[in-house]
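1. Model the structure of this input:
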Amino acid sequence: MSRRLKSPKSPVNIQHQEQLKPLDRAALVITTRVGTMSFFLVIFGWTVVWLLWNLLAPVGLRFDPAPAFVFWLFISNMIQIFLMPLVMVGQNLQGAHSELRAEYDHQTVTDMKAQLATILAKLEAFPEVSGDKAPKA
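-> Got it, this is the predicted structure:
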């Protein structure tokens with residue numbers, strides 16, 4: 001049985017998680033779910049069932065008459081109105097997280113460059129590495 005190992009969270013991810021307020025977390029959860037094919041298929045399926053029911057069901061059972069489908073339009077617009085600002089908030093939070101990661105990556109690369117320069121300077125002190133011949137005694 002193979003278990004997938006989780007990589008440890010980077011300091012940036014931890015810092016970002018600690019900065020989030022409860023409403024920010026909710027916006028991220030919703031944004032993450034809304035941006036999936038599953039959500040699209042649920043909305044698409046709901047729309048198809050709604051429209052087919054109100055087109056093909058017996059006249060007495062239809063609750064949103066064609067061709068206007070006013071109730072369906074109202075509910076669809078309400079979903080849009082509520083999701084639009086939440087998605088924008090989620091995208092802003094994800095953008096802030098990306099900026100934190102970019103700063104962290106930049107700092108890591110800068111530190112590594114300094115360490116490499118130090119190592120190269122120490123290696124060049126050895127005659128065998130620098131190409132100089134050692135004086136014979």
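2. and the longest helix for the protein?
-> Assignment by DSSP state H gives helix 70-124 as the longest helix of the chain.
3. Contacts only, for the residue nearest the centre of the chain.
-> Central residue of the chain (Cα atoms, centre = their mean): Q94, 5.9 Å from the mean position. The contact partners of Q94, by Cβ atoms under 8 Å, 6 or more residues apart in numbering, come to L28, T31. To be clear about C-beta, it is placed using only N, CA and C from the backbone, and glycine gets the same treatment.
4. ok, it to T32 distance?
-> Separation of Q94 from T32 (Cβ to Cβ, to the nearest Å): 9 Å.
5. And L56, by the same measure?
-> Counting by Cβ to Cβ - L56 and T32 are separated by 36 Å.
6. Give me the more crowded residue out of those two.
-> Neighbour totals were compared for L56 and T32, and T32 leads with 12 against 9 (other Cβ atoms under 10 Å).
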